[in-house]
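**Student:** need a 3D model of the following:
(one chain, ligands or ions: 1)
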Amino acid sequence: LELAIGIDIGGTSTKVALVDASGLILEKNSFPSHSSGGAKEYFPNLQKVITGLFKQVKGEFLLVGIGVGAPSCNETTGSIEGAANLPFQEPFPLVKLLEESYSVPVFLTKDSNAALLGESRFGAAKGIYNFILLTLGTGLGTAIMANGRLVKGHSGKAGETGHILVANNHRKCACGKIGCLETYVSAVGLKRTVMALLAEEIIESSLRAYTFDQLEAQLIYHEAIQGDSLAKLAFEVTGKVLGLKLAELITVFEPEAIILAGGMAEAGPLLVEPLRVAMEGALLSFHKNKVRILNTSLATNEAALLGAASLVWDRHQSVALT
Ligand SMILES: [Zn+2]
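**Tutor:** Below you'll find the model as predicted:
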């Protein structure tokens with residue numbers, strides 16, 4: 001049995017899976033990306049989880065490689081550099097560390113690009129050659145496929161849609177800029193919007209009982225479903241901001257579909273309806289009513305794991321053929 005390790009490094013947790021060549025996840029586990037020991041503890045924690053997964057596999061297997069999806073990575077050096085939501089302050093040589101520990105080929109790509117590959121091979125984007133993937137998590141991850149190819153850019157850093165600017169937005173972003181899309185369209189952005197609305201609106205809301213730290217996107221969603229007008233308004237604001245930016249991206253790339261993934265995508269019509277209205281209203285006439293908005297068909301957060309592992313299989317199979 002040949003297996004690859006897929007690793008998806010996120011701002012909150014790092015997910016690790018053992019994946020076979022057909023994209024089946026045999027075992028998976030995760031650990032918090034942040035711990036008291038910071039970067040020093042990170043790699044030992046990762047190794048512990050990998051060892052645990054190896055033990056769970058029944059029977060013999062051969063590890064053929066490791067694929068990693070991570071924010072702010074440098075594909076050329078194999079390091080993670082300056083990720084806003086991660087504990088690493090210096091360039092973190094993850095590829096080197098993994099190669100030394102496991103003696104297999106290691107592939108590193110941007111987390112959002114890994115998710116795009118997973119969606120394209122195994123998810124809602126199967127057979128779609130022009131699409132934009134938005135992963136609404138702690139931050140906003142985005143990746144673009146145009147003409148059947150991942151848009152990587154000159155050094156692999158293209159597609160940072162989370163950091164294009166929103167008009168009249170004065171919120172500071174974790175990246176250091178002011179006014180980024182991610183400061184609205186992300187779990188943290190939604191919380192910031194709730195706080196702003198609580199200050200601006202005179203609407204009764206159960207959310208007034210919470211501090212910023214107590215609020216969670218999941219809680220805001222729950223209250224919106226229960227009919228809380230302010231919680232619903234927070235999703236409307238988020239959808240509108242995103243819809244207007246998507247109209248601009250559609251004008252440039254003319255995708256067939258927009259795929260939504262991540263925890264907030266589960267909000268469904270609460271987010272998608274205001275998004276669609278704002279987006280359609282801002283599109284050129286010949287783009288109107290053409291772009292489908294789809295939810296990921298993969299289980300929560302599996303796209304990046306599968307996409308990361310697929311980097312191994314692509315390389316492994318092409319080597320086997322030559
Ligand atoms: Zn930013």
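
**Student:** can you give me the helices in the stretch 151-300 of the chain?
**Tutor:** 187-200, 217-225, 229-253, 269-282 (DSSP state H, counting those that start in this stretch).

**Student:** quick check: mean pLDDT of the last one?
**Tutor:** When you say that, I think you mean helix 269-282. Summarised as a single mean, pLDDT over helix 269-282 is 97.

**Student:** the helices of the stretch 151-300 of the chain: which one's closest to the ion?
**Tutor:** Of all the helices of the stretch 151-300 of the chain, helix 187-200 sits nearest to the ion, with 10.7 Å by CB to the ion. Backbone N, C-alpha and C define where each C-beta goes, glycine included.

**Student:** packing partners of the closest one?
**Tutor:** Here helix 187-200 touches helix 217-225, helix 229-253, going by 3 or more CB pairs under 8 Å, 6 or more residues apart in numbering; DSSP states H and E.

**Student:** Thr142 is nearest to which of the ones you listed?
**Tutor:** Among the helices and strands packed on helix 187-200, the nearest to Thr142 by CB to CB is helix 229-253 (8.7 Å).

**Student:** how big is the angle separating that closest one from helix 187-200?
**Tutor:** Orientation of helix 229-253 against helix 187-200 (axes from the mean of the first three to the mean of the last three CA atoms, to 10 degrees) gives an angle of 130 degrees.

**Student:** OK, contacts around Phe92?
**Tutor:** Residues near Phe92 by CB atoms under 8 Å, 6 or more residues apart in numbering: 39, 42, 79-81.

**Student:** mind listing what's buried along the worst-scoring helix or strand of the chain on mean pLDDT?
**Tutor:** Within the chain, no helix or strand scores below helix 302-321, which has a mean of 82 by mean pLDDT, DSSP states H and E. Neighbour counts over helix 302-321 (16 or more other CB atoms under 10 Å) mark 302-313, 315-316 as buried.

**Student:** could you export that helix as PDB, CA atoms only?
**Tutor:** Below are the C-alpha coordinates for helix 302-321, written out as PDB (Å, rounded to 0.1, in the frame of the first residue of the first chain):
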ATOM      1  CA  GLU A 302     -10.500  18.300   3.200                       C
ATOM      2  CA  ALA A 303      -9.800  20.100   0.000                       C
ATOM      3  CA  ALA A 304      -6.400  21.400   1.000                       C
ATOM      4  CA  LEU A 305      -5.400  18.100   2.500                       C
ATOM      5  CA  LEU A 306      -6.300  16.200  -0.700                       C
ATOM      6  CA  GLY A 307      -4.800  18.900  -2.900                       C
ATOM      7  CA  ALA A 308      -1.500  18.800  -0.900                       C
ATOM      8  CA  ALA A 309      -1.400  15.000  -1.100                       C
ATOM      9  CA  SER A 310      -2.200  15.200  -4.900                       C
ATOM     10  CA  LEU A 311       1.100  17.100  -5.400                       C
ATOM     11  CA  VAL A 312       2.900  13.900  -4.300                       C
ATOM     12  CA  TRP A 313       0.800  11.600  -6.500                       C
ATOM     13  CA  ASP A 314       1.300  13.800  -9.600                       C
ATOM     14  CA  ARG A 315       5.100  13.700  -9.200                       C
ATOM     15  CA  HIS A 316       5.200  10.000  -8.100                       C
ATOM     16  CA  GLN A 317       3.200   8.800 -11.000                       C
ATOM     17  CA  SER A 318       5.100  10.800 -13.600                       C
ATOM     18  CA  VAL A 319       8.400   9.400 -12.200                       C
ATOM     19  CA  ALA A 320       7.000   5.900 -12.300                       C
ATOM     20  CA  LEU A 321       6.100   6.300 -16.000                       C
END
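
**Student:** how distant is that helix from the center of its chain?
**Tutor:** Distance of helix 302-321 from its chain centroid, counting by CA atoms, centre = their mean, to the nearest Å, is 19 Å.

**Student:** same for it, what does it pack against?
**Tutor:** Secondary-structure packing of helix 302-321 (3+ CB pairs under 8 Å, 6+ apart): strand 2-9, strand 13-19, strand 25-32, strand 62-70, strand 106-110, helix 111-122, strand 131-136.

**Student:** give me the angle between that helix and helix 111-122.
**Tutor:** In terms of direction (the same axes, to 10 degrees), helix 302-321 departs from helix 111-122 by 70 degrees.

**Student:** now the angle between strand 131-136 and helix 302-321, please.
**Tutor:** Counting by the same axes, to 10 degrees, helix 302-321 lies at 130 degrees to strand 131-136.
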